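Undergrad: Here's a sequence, model it:
(3 chains)
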Amino acid sequence: MKILLTALVSSLFAISALAADAAPAAPATVKAADTNVVKASATKKLTVNKEVPGYWRVTLNNPPINLIDDSMYDDLYDLVGEMEADPELKVVTFESANPDFFIAHYSTAEPRSRFGIPPWIKTARRLAASKVLSIAVIRGRVRGGGSEFAMALDLRFASRERAVFGQPEVGTGLIPGGGALQRLPLLVGRARALEIVLGAQDYDADTAERYGWINRAIPDAQLDAHVAEFVKRVLSFDQRVLAISKETINAVGLPVEAELQQTQDTFFQTFGWDGFKQRIPKLMQRGIGKAGEFELNLGKHVGELK
Amino acid sequence: MKILLTALVSSLFAISALAADAAPAAPATVKAADTNVVKASATKKLTVNKEVPGYWRVTLNNPPINLIDDSMYDDLYDLVGEMEADPELKVVTFESANPDFFIAHYSTAEPRSRFGIPPWIKTARRLAASKVLSIAVIRGRVRGGGSEFAMALDLRFASRERAVFGQPEVGTGLIPGGGALQRLPLLVGRARALEIVLGAQDYDADTAERYGWINRAIPDAQLDAHVAEFVKRVLSFDQRVLAISKETINAVGLPVEAELQQTQDTFFQTFGWDGFKQRIPKLMQRGIGKAGEFELNLGKHVGELK
Amino acid sequence: MKILLTALVSSLFAISALAADAAPAAPATVKAADTNVVKASATKKLTVNKEVPGYWRVTLNNPPINLIDDSMYDDLYDLVGEMEADPELKVVTFESANPDFFIAHYSTAEPRSRFGIPPWIKTARRLAASKVLSIAVIRGRVRGGGSEFAMALDLRFASRERAVFGQPEVGTGLIPGGGALQRLPLLVGRARALEIVLGAQDYDADTAERYGWINRAIPDAQLDAHVAEFVKRVLSFDQRVLAISKETINAVGLPVEAELQQTQDTFFQTFGWDGFKQRIPKLMQRGIGKAGEFELNLGKHVGELK
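TA: Numbering: from 1, shown residues only, chains lettered A, B, ... in the order given. Okay, here's the model as predicted:
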């Protein structure tokens, strides 16, 4: 049974047995990579449209349900390096090629990160510190690590009708490991963060806006025009002034990296806890990580596993 | 006059002359009690339904208007001790037996706390730190110390039509002494906290939700089902994962205990200030602490005392 | 060209060449003035109605579009000194004589501040620390330094139909220099502050309320009655209790003065940066600082300068 479970888990959803048991990946590797700017303009999972000067329009595409896996984290890490290396860049937007999923959630599908543990904490810190303004344009489900990715961007505009938000981790026996436990309280306050994380339910875009999870819910038919207009404005502004404004605002509302690190360490440990071990066979059986009704309504379903 | 005033005050609304003049109750007593777990499953003012494993459903009942008095504070203190002693407990909800009042406000009616000063600050801190998720299910008025009790719980769901929120203390010549001056700014920000406290007016549930005072205003007909579904979900989740998630989120949004203590000390002093002494006879005459129109519309009425 | 630019700028919108190049005004002068209580009851730009005991009703009037210039900042500084010297004062409201503009934005029109640099940071800090509750009653546009003035007051009530909010500075090549980079994140969070400042667009009152920029958007026909009722209530309350409540709430949500100072210093430098130099001729040509369509829709227009 244990071998079967490990096989199931490592193939699709959870951290491999190796990573779960071992310490986080070799620091030496990560450090070396931190200064390494890699060209990632057109990887398989991130497509970057650079037609408009000063603006990169990134499309996330990892069929069938846009899981965020290690290779997408690596691509994001590389992308941030590229962003930092481009002196003309002002704005980056992130949208999804899949209308039903902005990002479904984290997956440990192979191949694993070339850093061992995906350098997400570092990527997120550098996105926030960057002079470049980053914007999530959200349609479809954005849950778990996907929600954590969106929260690490500077702005979040979402389709009122089509965006669905959730931190379903607790429902699967895990904890949110990529920043939700730190970023949600800063965005929505302690009470609503507790509700979202311990309830593990889905939220519509209007509620997400009222809670402060996103900047704004916008009617789907107007979302693209709203973002295009916003981006056009920012592109027309002076970069030095944009940069110092963002840098100054950054004094408020960003999490402490050591706390993110500690939570991520615990997250990887939760793959070995009983709660997850009991739930993963049911999750696999019902369709976690696959296209289908289970993932479309994941928030509801994680409340019915037991 | 002074004797009459003291008699009136001590009988119903205010701290006794002894407590008002004296220093806070003997620390030795409080310290001893802090480690003392008392069975409080079915006191007069708190009824605890434990039918569902892992879930305590507490009903507040102190007729005629659910005043929170010293004995209810003592019961809450004992209840928290019980909560901490039950390794299986995941969720506690608090609702009221009185559809018009969740909790009216603080009362100094006899008997006084067996600790001298009710150990509310400690109770509130332990509720927040507890692995157990605590939820206020609010119908009717919740003002003053009642609002402070609700704010010390983790989540607040309220009836859109029936819940009414207020911190009327300033209107009576007192200050909010049980945490509103610390918790409101953390929930609703400084500007709205100033509005609520210095205006001393009533707020409906929709406004309370927009301000962040509560998690959510829910149509009255759906409130019980919403809470039942939320509780059912949490009960189905793994306790260890619930606990570490709450513990991590607790890094943000909790008040500093020393500031709560200092404000509570000042609160007890305000019973002796001119503002309260001038208003208490009018408050008594008009019906403070009694069933009736004055308490139903207390927010409005405290603005018309002078 | 440089001379022409300087002339244009110093006459209407921007800091004079002297001030831009020089260090902030002589500290000795500012220090002396800090303890100097000046009577400002009826200056040209601030009219103070003191008919109701305990209440000052201030009207801002600087035709044609209520620019906040150095002399208005000096008047506000003097007013705060007066407020501090009046032991009976409980509430001050600020409204505009111009239904289209609460305050348009900052202007460097002559005469310059008698302190060199207007003592706005000090004025704002003393407004917050004052025992007196200060309230903005907002109709019309309130942008830039005007929005920063409103944010430095304790409460903000705004006309749902007529109030318009903006921080257009970045669109003009400047940064917000009077507190928006510090106060907005505290009020609306980092993400929405970035959206507001880097987007430089106008916001209606409902959005401003949802974001937390203001306390509440109130239907225009009810705004005055709402404020009158609120003020009447506060006036009826005990001053000592009001004061200690405000003082206690002040522990949360106020900016750090050193950060305000640093940002103001940078703000004055941005008048000399290329972004502003490139935009100021277009701004002048299109009608910045003058009555007309450009100022009415400034948020939109600063996105179309390039």
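Undergrad: Helices of the stretch 101-250 of chain A, residue ranges please.
TA: For the stretch 101-250 of chain A, applying DSSP state H, counting those that start in this stretch gives helices covering A:120-129, A:145-152, A:169-172, A:180-199, A:205-211, A:220-236, A:239-249.
Undergrad: Centre of the chain to the last one, how far?
TA: The chain centroid and the centroid of helix A:239-249 are separated by 24 Å, computed with CA atoms, centre = their mean, to the nearest Å.
Undergrad: Kindly report the same for the shortest one.
TA: Using CA atoms, centre = their mean, the mean C-alpha position of helix A:169-172 is found 16 Å from that of the whole chain.
Undergrad: repeat for stretch A:296-306
TA: In terms of CA atoms, centre = their mean, the centre of stretch A:296-306 is set 20 Å apart from its chain centre.
Undergrad: how about that stretch, does it reach chain B?
TA: Yes - for stretch A:296-306, a contact with chain B is found by CB under 8 Å from any CB of the partner chain, at A:G303, A:E304, A:L305, A:K306. Glycine gets a C-beta too; all of them are placed from N, C-alpha and C.
Undergrad: Can you lay out the helices of the stretch 101-250 of chain A as JSON lines showing distance to chain B?
TA: Converted to JSON lines, the helices of the stretch 101-250 of chain A look like this (distance: least, CB to the nearest CB, whole Å):
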{"stretch": "helix A:120-129", "distance to chain B": "15"}
{"stretch": "helix A:145-152", "distance to chain B": "13"}
{"stretch": "helix A:169-172", "distance to chain B": "5"}
{"stretch": "helix A:180-199", "distance to chain B": "3"}
{"stretch": "helix A:205-211", "distance to chain B": "7"}
{"stretch": "helix A:220-236", "distance to chain B": "22"}
{"stretch": "helix A:239-249", "distance to chain B": "17"}
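Undergrad: Tabulate the ones you listed (TSV), appending mean neighbour count and mean pLDDT.
TA: Formatted as TSV, those follow (neighbours: other CB atoms under 10 Å in any protein chain shown; pLDDT from 0 to 100):
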stretch	mean neighbour count	mean pLDDT
helix A:120-129	20	98
helix A:145-152	28	98
helix A:169-172	28	98
helix A:180-199	25	98
helix A:205-211	21	98
helix A:220-236	17	98
helix A:239-249	21	98
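Undergrad: Reformat those helices into TSV and put distance to A:M284 next to each item.
TA: Shown next, in TSV, are the helices of the stretch 101-250 of chain A (distance: least, CB to CB, whole Å):
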stretch	distance to A:M284
helix A:120-129	24
helix A:145-152	18
helix A:169-172	11
helix A:180-199	23
helix A:205-211	29
helix A:220-236	33
helix A:239-249	43
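Undergrad: who wins for proximity to B:E195 among those helices?
TA: helix A:180-199 (17.6 Å; CB to CB).
Undergrad: Now look at the closest one and say if it contacts chain C.
TA: Yes - residues of helix A:180-199 are located near chain C by CB under 8 Å from any CB, namely A:L186, A:L187.
Undergrad: Give me the angle between that helix and helix A:120-129.
TA: With axes from the mean of the first three to the mean of the last three CA atoms, to 10 degrees as the basis, helix A:180-199 and helix A:120-129 are set at 110 degrees to each other.
Undergrad: and the stretch 101-250 of chain A, which residues reach chain C?
TA: Neighbours of chain C within the stretch 101-250 of chain A, by CB under 8 Å from any CB: A:133, A:154-156, A:186-187, A:209-210, A:212, A:215-216, A:229-230, A:232-234, A:236-242, A:244-246, A:248-250.
Undergrad: Neighbours of the residue of the stretch 1-150 of chain A at minimum distance from chain C, how many?
TA: Using CB to the nearest CB, the single residue of the stretch 1-150 of chain A nearest to chain C is A:L133, 5.6 Å away. The number of residues packed near A:L133 is 25, by other CB atoms under 10 Å in any protein chain shown.
Undergrad: Okay, now the unreliable bits of chain A?
TA: Applying pLDDT under 70 to chain A flags the ranges A:1-43.
Undergrad: interface residues of it facing chain B?
TA: For chain A, the residues in contact with chain B (CB under 8 Å from any CB) are A:169-171, A:173-176, A:181-182, A:184-186, A:189-195, A:197-201, A:207, A:210, A:259, A:263, A:266, A:270, A:273-276, A:278-279, A:303-306.
Undergrad: any idea what sits nearest the residue of the stretch 201-306 of chain A found nearest chain B, other than its immediate chain neighbours?
TA: Nearest residue of the stretch 201-306 of chain A to chain B: A:G275, at 2.7 Å (CB to the nearest CB). Distances taken as CB to CB, 6 or more residues apart in numbering or on different chains put B:D238 closest to A:G275, at 2.7 Å, once the chain neighbours are dropped.
Undergrad: What is the neighbour count of that neighbour?
TA: When counting by other CB under 10 Å, one arrives at 24 neighbours for B:D238.
Undergrad: wait, doesn't it sit right on A:G173?
TA: Yes - between B:D238 and A:G173 there is a contact under CB atoms under 8 Å: 5.2 Å.
Undergrad: Please enumerate the shared neighbours of the two.
TA: When contacts are counted by CB atoms under 8 Å, 6 or more residues apart in numbering or on different chains, B:D238 and A:G173 are jointly contacted by A:W273, A:D274, A:G275, A:F276, A:Q278, A:R279.
Undergrad: For those, pick the one with the most neighbours.
TA: Within those, most neighbours by other CB under 10 Å means A:F276, with 25 neighbours.
Undergrad: give the contact list for it.
TA: A:F276 makes contacts with A:A14, A:T172, A:G173, A:L174, A:T270, B:D238, B:V241, as judged by CB under 8 Å, 6+ apart.
Undergrad: at 6 Å what do you get?
TA: A:G173, A:L174, A:T270 (CB atoms under 6 Å, 6 or more residues apart in numbering or on different chains).
Undergrad: How about A:V241?
TA: Per CB under 6 Å, 6+ apart, neighbours of A:V241: C:V170, C:I175, C:G275.
Undergrad: Kindly report the same for A:L184.
TA: By CB under 6 Å, 6+ apart, the contact list for A:L184 reads A:A193.
Undergrad: 8 Å instead, please
TA: By CB under 8 Å, 6+ apart, the neighbours of A:L184 are A:M151, A:Q167, A:P176, A:R192, A:A193, A:I196, A:V197, A:W213, B:I249.
Undergrad: swap in A:H105?
TA: A:L67, A:I68, A:R143, A:G144, A:G145, A:G146, A:P168, A:L298.
Undergrad: Can you tell me the closest non-neighbouring residue to the last one?
TA: Just to be clear, that refers to A:L298. Nearest non-adjacent residue to A:L298, counting by CB to CB, 6+ apart: A:P168, 5.3 Å away.
Undergrad: re earlier: weed out the non-buried ones from the residues of stretch A:296-306 next to chain B.
TA: Using 16 or more other CB atoms under 10 Å in any protein chain shown as the burial test, those include A:G303, A:L305 as buried.
Undergrad: any chance of the residues of stretch A:296-306 next to chain B in JSON lines, with secondary structure too?
TA: Output for the residues of stretch A:296-306 next to chain B, formatted as JSON lines (DSSP: H, G, I helix; E, B strand; the rest coil):
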{"residue": "A:G303", "secondary structure": "coil"}
{"residue": "A:E304", "secondary structure": "coil"}
{"residue": "A:L305", "secondary structure": "coil"}
{"residue": "A:K306", "secondary structure": "coil"}
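Undergrad: Done for today, thanks.
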